[in-house]
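Asker: Kindly return the folded structure for what I paste below:
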Amino acid sequence: MAYFDAASALPLHPVARQALLASLDEGWADPVRLYREGRRARLLMDSAREAVAAEVGCRADELVFTSSGTRAVHDGIAGALAGRRRIGRHLIVSSVEHSSVLHSAERWAADGGSVTEVPVGRSGAVDAGEFAGALRADTALACLQSANHEVGTEQPVAAVAEACRAAGVPLLVDAAQSLGWGRVAGDWSLLAASAHKWGGPPGVGLLVVRKGVRFAPQGPLDERESGRAAGFGNLPAIVAAAASLRAVRADAAQEAVRLRELTARIRARVAESVPDVEVMGDGQRRLPGIVTFSCLYADGESLLHELDRAGFSVSSGSSCTSSTLTPSHVLKAMGVLSEGNVRVSLPPGTAAADVERFLEVLPGVVAAVRAKADPLPADGGTPVRAGDVLVVDALGRRCPVPVIELAKVIGEVPVGGTVRVLADDEAARLDIPAWCEMRGQEYLGEEAADQGAAYLVRRVS
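Answerer: Numbering: from 1, shown residues only. Below you'll find the model as predicted:
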């Protein structure tokens, strides 16, 4: 098997495993106690904190360990908003933030706060000027990820941080995907990350709050971690997280060059060897190991299963691979194709031979999945003409059927003619405009229908 889902989690780094086992014997006591075992545990904790702070680029007393990266995000946002409640109740986020940030924003809005969601372009990056334009006199906090976890696009954090600093607004950076590769540039104010993203144990997150940032921890206070993270921390896991971060950083520059070459190879070969595919994300400003693409007329869940059978563990943002049956919010925000979506995220040490094997297998897998695509039934899917409009009824059918049927009938209308696709699958709202973009047809918009929605497409050529 080739594990190509490093953006979700990395296996435990060998150095982390060694540190974990060694600290189990030394780091079991309560580090706030004054007796010998407690002092020994405190030394381990302090050493781990200093090591991580050195890699992050902050002071040791600015960094606390949390139970997860998600907890770090939630606590960081809540504490910063509470600390600046006299300034205002306005929060800024990008439309492609991790769900932990967006869930915090939803909660803030439900409690009466205001939220501005800054859009992104088709590459997945915000415009720094547009982000700066969202800043207001009552803005309490801004949030921007360092790099996107689904498509790998790096965000202009340094430019946004400069604008935030000039406006007197703290910027919280979700650095979960990028911290293993290097420090986050710019004069940011808060930072959150998670150890399992760089080969540390799961259950260890970190939150950095720079000196001078107004911050009011929420919930019952605890004497541990400067009152910012309650409970008895998993010290052996924290020690292992620090050891693994130092280890991966030591090889990061060299490994990044190698993985960038492999991902560039994937981006080029997929576009050449797989028909009707859209490769996503910025081609240059991106993390070293992530490549994401979507295949027209293919079911994402089927692609994942077939690739798994072929020996490749990959991820997807397709709605048909999720229990919610809604497309990835990242792909939706970018306005790109969601059906048949595959995310390949290469872990450090990935063999070039495994990438070559993947590229050899992929075209056949996509072709096989497309061949099995479930068409509309003959008794219910025959297009009907309503004046000059050809109507396709795809109600009750999941992606990629609505787009498949649209592609089948577009040639049956004259140039300038219109196809009206009826669909109640949420993915159609994203995939039909994306298909028009790829095929050079004109998307006229969406109309209300008795069931679902009607999507109008004009034939251009």
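
Asker: so how far is Ala242 from the closest residue to Pro236 other than its chain neighbours?
Answerer: By the measure of Cβ to Cβ, 6 or more residues apart in numbering, the closest residue to Pro236 outside its immediate chain neighbours is Ser23, 4.2 Å from it. Glycine gets a C-beta too; all of them are placed from N, C-alpha and C. Separation of Ser23 from Ala242 (Cβ to Cβ, to the nearest Å): 10 Å.

Asker: neighbour-wise, which of the two wins?
Answerer: Between Ser23 and Ala242, counting by other Cβ atoms under 10 Å, Ala242 is the more crowded of the two (28 against 20).

Asker: What is the subsequent helix or strand relative to the helix or strand encompassing the more buried one?
Answerer: Per DSSP states H and E: Ala242 is located in helix 235-273. Counting by DSSP H and E, the element after helix 235-273 in chain order, helix or strand, is strand 277-280.

Asker: Output the contacting helices and strands for that next one.
Answerer: helix 235-273, strand 290-295 (3 or more Cβ pairs under 8 Å, 6 or more residues apart in numbering; DSSP states H and E).

Asker: Pull up the pairing partners for it, direction included.
Answerer: Within its sheet, strand 277-280 is paired with strand 290-295 (antiparallel), according to DSSP bridges.

Asker: Let me see the mean pLDDT of the strand it pairs with.
Answerer: Strand 290-295 shows an average pLDDT of 96 in the prediction.

Asker: what comes into contact with it?
Answerer: For strand 290-295, the external contacting residues (Cβ atoms under 8 Å, 6 or more residues apart in numbering) are 7, 150-152, 263, 266-267, 270-271, 274, 276-281, 303, 317-318, 331, 336-346, 366, 369-370, 434.

Asker: any idea of the angle the helix or strand just after that strand forms with strand 290-295?
Answerer: Using DSSP H and E, the helix or strand that follows strand 290-295 in sequence is helix 300-309. In terms of direction (axes from the mean of the first three to the mean of the last three Cα atoms, to 10 degrees), helix 300-309 departs from strand 290-295 by 120 degrees.

Asker: got a list of what Ser95 touches?
Answerer: Counting by Cβ under 8 Å, 6+ apart, Ser95 touches Glu117, Val118, Pro119, Val120, His329, Ala333.

Asker: Moving C-terminal from the helix or strand containing Pro402, which element do we reach first?
Answerer: Pro402 belongs to helix 401-409 when assigned by DSSP H and E. Counting by DSSP H and E, the next helix or strand C-terminal to helix 401-409 is strand 418-423.

Asker: which helices and strands does that following strand pack with?
Answerer: Using 3+ Cβ pairs under 8 Å, 6+ apart, strand 418-423 is in contact with strand 389-393, helix 401-409, helix 428-439, strand 453-458.

Asker: again, 6 Å this time
Answerer: strand 389-393, helix 401-409, strand 453-458 (3 or more Cβ pairs under 6 Å, 6 or more residues apart in numbering; DSSP states H and E).

Asker: do you know which of these lies nearest Arg165?
Answerer: Ranking the helices and strands packed on strand 418-423 by proximity to Arg165 (Cβ to Cβ) places strand 453-458 first, at 43.4 Å.

Asker: Which neighbours in the sheet does the closest one have, and how are they oriented?
Answerer: Sheet pairing of strand 453-458 (DSSP bridges) gives strand 418-423 (antiparallel), strand 442-448 (antiparallel).

Asker: now what about it, what contacts it?
Answerer: Here strand 453-458 makes contact (Cβ atoms under 6 Å, 6 or more residues apart in numbering) with 418-422, 432, 436, 441-447.

Asker: on that earlier part again, of the strands paired with strand 453-458, which is nearest Glu62?
Answerer: Nearest to Glu62 among the strands paired with strand 453-458 is strand 442-448; the distance by Cβ to Cβ comes to 47.6 Å.

Asker: Give me the angle between that closest one and helix 428-439.
Answerer: 170 degrees.

Asker: May I see the buried residues of strand 442-448?
Answerer: For strand 442-448, the neighbour count (16 or more other Cβ atoms under 10 Å) marks Glu446 as buried.

Asker: How far does it sit from its chain's centre?
Answerer: How far strand 442-448 lies from its chain's middle: 28 Å, per Cα atoms, centre = their mean, to the nearest Å.

Asker: how is the chain carved up into domains?
Answerer: Domains of the chain are assigned by automatic domain parsing as 10-248, 251-371, 384-458.

Asker: Among those domains, single out whichever gets nearest to Ala2.
Answerer: Using Cβ to Cβ, the nearest of the domains of the chain to Ala2 is domain 251-371, at 4.2 Å.

Asker: What is the end-to-end distance of the closest one?
Answerer: Between the opening and closing residues of domain 251-371 lies a distance of 43 Å (Cα to Cα, to the nearest Å).
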